[in-house]
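Undergrad: what shape does this take:
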Amino acid sequence: MIYGKRELDEGTMSWLKGLHHSNIASIKNLHAKLYMNENLAVISSMNLYEYSQVNNEELGILCGRREDRVEFKDITFQVMRMIGISDREHGRWDVGDLEKPIRGLFRRGKGAKDSRDEPIEIIEVESDDAPTYGLEEIVDNEPKILCHCIRCGRIIPYDHEYVYCGRCMDSWQRYSNLRYVEPDGHCYVCGRSCNVCAERPACFECYRVHATMVGKRCDSMREIAGKR
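TA: Numbering: from 1, shown residues only. I've put the predicted structure just below:
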């Protein structure tokens, strides 16, 4: 469970800690409401307590792993990103606890040709702090890292040329400033909050491991900036 905005009261925290295999973390500015298991996900305006149910007009969207495969996969990517940037407060948060259910979601079916149906691997990015998890997509038996827009944090495909998603790239191109530091930036590789710009889009740990890939993306950004 990941919570945000305000501290949990002592009674709620104690109850959650008492649950078998519970993992608890927080993100200071988290405002999303998502309730998810291996097969279903609900994205809703509703807080999970009685007052919202009785007193408020609420809306939500239900996604199924089989019925809404692409959407369910996108939601899972965002969950992994949030786990990566969260402050862990209780539980093991062991990558082994996450790997089996995540990999099981996206095993390629017979006859599937869409790359979006390829299996997912979870990787652990070395860090001096708590371990950070990233995602790799296996395409043609080769691992391809799923990266992040350095402005909004959205997952972007491994073959996307730039360090921004399409929408944020359009915004960045108005000035094409390679050294503009994103005020709420994200590492291009692991998605953690950090100081990044188009010229230096990754945290130190990720750059150390993926220098070649990050360098190619920087070259693409310099090429765009040079056309202004």
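Undergrad: and Ser26, backbone torsions?
TA: Backbone torsions of Ser26, given as degrees, to the nearest 10, read phi -140, psi 150.
Undergrad: isn't it right next to Asp87, touching?
TA: Yes: the pair Ser26 / Asp87 is scored as a contact, 5.2 Å apart, by C-beta atoms under 8 Å. Using the backbone N, CA and C atoms, a C-beta is placed for each residue, glycine as well.
Undergrad: who has more neighbours, the two?
TA: Neighbour count, other C-beta atoms under 10 Å: between Ser26 and Asp87, Ser26 has more, with 17 against 12.
Undergrad: beta partners of the more buried one?
TA: Beta bridges link Ser26 to Tyr3, Asp87, judged by DSSP bridges.
Undergrad: need the contact list for the closest residue to Gln78 other than its chain neighbours.
TA: Distances taken as C-beta to C-beta, 6 or more residues apart in numbering place Ile155 nearest to Gln78, at 6.9 Å, with adjacent residues excluded. By C-beta atoms under 8 Å, 6 or more residues apart in numbering, the contact list for Ile155 reads 74, 77-78, 81, 135, 146-148, 191.
Undergrad: where does confidence bottom out across those?
TA: Minimum pLDDT across the contacts of Ile155 is recorded for Leu135, with 56.
Undergrad: give me the mean pLDDT for the helix or strand containing Cys168.
TA: Element membership for Cys168, per DSSP states H and E: helix 166-172. Averaged across helix 166-172, the pLDDT comes to 91.
Undergrad: tell me the contacts of Met1?
TA: 16, 22-25.
Undergrad: hmm, back to that, check the contacts of Ile155 against Tyr175 and report the nearest one.
TA: His148 (21.3 Å; C-beta to C-beta).
Undergrad: next, count neighbours for the spatially closest residue to the closest one that is not a sequence neighbour.
TA: Of all residues not flanking His148 in the chain, Gly191 sits nearest, at 4.1 Å (C-beta to C-beta, 6+ apart). Number of residues near Gly191 (other C-beta under 10 Å) recorded here: 31.
Undergrad: again with the one 5 residues further on
TA: For Val196, the neighbour count with other C-beta under 10 Å is 22.
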